[in-house]
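S.K.: need coordinates for the below:
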Amino acid sequence: MPSPPAQFAVSVAVGLAGGAVGIALLWLLLRKLALGEVLGTSAQLAAVIAVAAGCDVLRADTGLIAAIVMGLAVANQPGFDLPARRPFFETLVQLIIGVLFISISATVTPQSLRHLVLPTLGLVAVLVIVARPLVAFAATLRTDLPKGERAFIGWMAPRGIVAAATASTFTAGLVAKGIGGAAKILPVTFVVIVATVTLYALTAAPVARRLHVVRPARTRPLLVGGNRWVIDLGLALRTAGLDVLMWAGLDEQRREIRQAGLELAPGELLAAATGRGARLEGITTVLLLTDEDDFNALASVLLTASVDGRVYRLAPQLRSHGVVAPYTDGEILFSPAMTRPAVSSRYRSGARIAAAPVNGELAAGHDLLFLVGADGQLRAVTQDDTPAPLTGDTTVSLGPAPGADLSTGRRPA
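M.R.: Coordinates of the predicted model:
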């Protein structure tokens, strides 16, 4: 009879072979057949179940290895970076996790927890105080992460799906073989999951504040566009106290953004919107301010699902202008008269964007664009809504430059 290491090696080989078959099957379904989101999601689930079941038929407990290999491929290979992944993770994974935890809870009885709770809490203490900090320290040893972020990584490690799946997969087989203590694996895992999830859920926010790794609640806008007036708008919003991020497609515009001292977003915008390339993490508002009305309209549709906040775009010269713009929704910036061509024309004529504290009415010739509250929240003027200034707000407006002739908007010669 083969030795245990040899049997383990055979199981790993079967799992890897099944995973390779599954990867090829997913490639055929998702790349060659180009299935959409609904069929693509169903195909992924069917392929994983079929391959995992086939491996388990050939050799017990190898389906999990095959499923892990397939998951790693889908998550990391560019060829599988498809929109069909989104509903898979947002819908099926949540469903499967819920079913798994309910099933485990149903198998753990008060009788099975007798004499296990206190020793398991000791195990949780070792995991939280010793194991996780050591693992995080080793994993971040030569990175550029600040000490506070490294410490926070060392604190957070709630156990969950991996521990539950592993325990539920192997417990029954070990109990059937008469392995001592095998019946305790699932109850212990259950207590570890409940204890760690509860602990980290209650302490995540206080620990993050103590380590100074909490992002401020202020609005973080992304300005898309590289015209001079857009750069000046970014500077005005930064003057008002916001952390501004910008993106532009042309190299010359990107160079001007860097020269102005503003942070430039990496990557390609529409790729980020669909989950590929640079991510829009931390962005709470997007302002689409390019000269291409159709691009602004299309990007507003794609970015809405990628941003935890509002997405605004400039109004075209006419509501019927463009191929895409007339048929898309979204919040349109500024008053009806402040269309994209109108803003650009006024800027070329000498108007400038400035930030100033609220002090009565706006000066003559100025149009309100944004309000930045004392709490750092950005409120935009749109065609449907004009926010009322509050005490402590900062106005961002377009108007004549200081010293300009109000009748022309130009500076005196």
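S.K.: when you work out contacts or count neighbours from here on, use the C-alpha atoms and nothing else.
M.R.: Noted.
S.K.: any weak-confidence spans in the protein?
M.R.: The model of the chain has pLDDT under 70 over residues 1, 36-38, 78-93, 216, 267-281, 305-306, 318-330, 360, 402-413.
S.K.: mind naming the longest helix for it?
M.R.: For the chain, the longest helix by residue count, based on DSSP state H, is helix 185-210.
S.K.: ranges for the helices of the stretch 301-413 of the chain?
M.R.: For the stretch 301-413 of the chain, the helices defined by DSSP state H, counting those that start in this stretch occupy 340-348.
S.K.: what segments of the stretch 101-250 of the chain are helices?
M.R.: Assigned by DSSP H, counting those that start in this stretch, the stretch 101-250 of the chain shows helices spanning 117-126, 132-139, 147-155, 161-176, 185-210, 228-239.
S.K.: point out the most buried one among those.
M.R.: For those, the largest average neighbour count (mean count of other Cα atoms under 10 Å) is found in helix 228-239, namely a mean of 20.
S.K.: relative to helix 340-348, how tilted is that one?
M.R.: Here helix 228-239 runs at an angle of 80 degrees relative to helix 340-348 (axes from the mean of the first three to the mean of the last three Cα atoms, to 10 degrees).
S.K.: packing partners of helix 228-239?
M.R.: If contacts are counted by 3 or more Cα pairs under 8 Å, 6 or more residues apart in numbering; DSSP states H and E, helix 228-239 sits against strand 351-357.
S.K.: okay, the helices of the stretch 101-250 of the chain in JSON lines with distance to P5 next?
M.R.: Below are the helices of the stretch 101-250 of the chain laid out as JSON lines (distance: least, Cα to Cα, whole Å):
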{"stretch": "helix 117-126", "distance to P5": "28"}
{"stretch": "helix 132-139", "distance to P5": "26"}
{"stretch": "helix 147-155", "distance to P5": "33"}
{"stretch": "helix 161-176", "distance to P5": "16"}
{"stretch": "helix 185-210", "distance to P5": "22"}
{"stretch": "helix 228-239", "distance to P5": "61"}
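S.K.: ok, which of these comes nearest A17?
M.R.: Closest to A17 of the helices of the stretch 101-250 of the chain, according to Cα to Cα: helix 161-176, at 19.7 Å.
S.K.: report the angle between the closest one and helix 185-210.
M.R.: 160 degrees.
S.K.: re the thing from before, how far does the longest helix of the chain sit from the chain's center?
M.R.: Its chain's C-alpha centre and that of helix 185-210 lie 23 Å apart, by Cα atoms, centre = their mean, to the nearest Å.
S.K.: next, count neighbours for P266.
M.R.: Residue neighbour count, defined by other Cα atoms under 10 Å, stands at 15 for P266.
S.K.: any idea which element it lies in?
M.R.: Under DSSP states H and E, no helix or strand contains P266.
S.K.: for T285, which non-adjacent residue is spatially closest?
M.R.: Using Cα to Cα, 6 or more residues apart in numbering and skipping the chain neighbours, the partner closest in space to T285 is P221 (4.6 Å).
S.K.: next: I65.
M.R.: In this structure, I65 finds its nearest non-sequential neighbour in G15, 4.9 Å apart by Cα to Cα, 6+ apart.
S.K.: how about A204?
M.R.: Leaving aside its sequence neighbours, A204 sits nearest to M156 (Cα to Cα, 6+ apart; 7.4 Å).
S.K.: same question for G225.
M.R.: The shortest distance from G225 to any non-neighbouring residue, by Cα to Cα, 6+ apart, is to T290 (4.5 Å).
S.K.: test my guess that the one you found contacts R228.
M.R.: No - look at T290 against R228 with Cα atoms under 8 Å: they stay out of range, at 11.0 Å.
S.K.: contact partners for the residue nearest to G225?
M.R.: V224, G225, G226, N227, N296 (Cα atoms under 8 Å, 6 or more residues apart in numbering).
S.K.: please, where are all the strands along this structure?
M.R.: Along the chain, the stretches classed as strands by DSSP state E are 221-224, 245-247, 263-264, 285-288, 310-313, 331-332, 351-357, 367-372, 378-380, 394-400.
S.K.: how about the first one: buried residues?
M.R.: Right, strand 221-224. Neighbour-count burial for strand 221-224, counted by 16 or more other Cα atoms under 10 Å, picks out P221, L222, L223, V224.
S.K.: related to what we said a few turns ago, the contacts of T290: which two are farthest apart?
M.R.: Spatial extent of these (Cα to Cα) is set by the pair N227 and N296 at 14.1 Å.
S.K.: dump the strands of the chain into a markdown table; add distance to A342 as well.
M.R.: Converted to a markdown table, the strands of the chain look like this (distance: least, Cα to Cα, whole Å):
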| stretch | distance to A342 |
| --- | --- |
| strand 221-224 | 18 |
| strand 245-247 | 22 |
| strand 263-264 | 26 |
| strand 285-288 | 16 |
| strand 310-313 | 14 |
| strand 331-332 | 14 |
| strand 351-357 | 11 |
| strand 367-372 | 12 |
| strand 378-380 | 18 |
| strand 394-400 | 11 |
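S.K.: out of the ones you listed, which is closest to S3?
M.R.: For S3, the closest of the strands of the chain is strand 263-264, at 58.2 Å, according to Cα to Cα.
S.K.: partner strands of the closest one, parallel or antiparallel?
M.R.: Here strand 263-264 has these sheet partners by DSSP bridges: strand 245-247 (parallel).
S.K.: domain assignment for this structure?
M.R.: 1-107, 109-214, 221-400 (automatic domain parsing).
S.K.: most tightly surrounded among those domains?
M.R.: Of all the domains of the chain, domain 221-400 has the most neighbours on average by mean count of other Cα under 10 Å, namely a mean of 18.
S.K.: ok so, going back, which one of the strands of the chain lies closest to W27?
M.R.: Shortest distance between W27 and the strands of the chain, using Cα to Cα, is found for strand 245-247: 33.3 Å.
S.K.: from the middle of its chain, how far away would stretch 160-175 be?
M.R.: The mean C-alpha position of stretch 160-175 is separated from the chain mean by 30 Å, Cα atoms, centre = their mean.
S.K.: residues in contact with it: which ones?
M.R.: Defining contact as Cα under 8 Å, 6+ apart, one finds that stretch 160-175 is touched by 61, 97, 100-101, 104, 182-183, 185-186, 189-190, 193, 197.
S.K.: hmm, back to that, mind giving me the packing neighbours of the longest helix of the chain?
M.R.: Right, helix 185-210 is packed against helix 93-107, helix 117-126, helix 161-176 by 3+ Cα pairs under 8 Å, 6+ apart.
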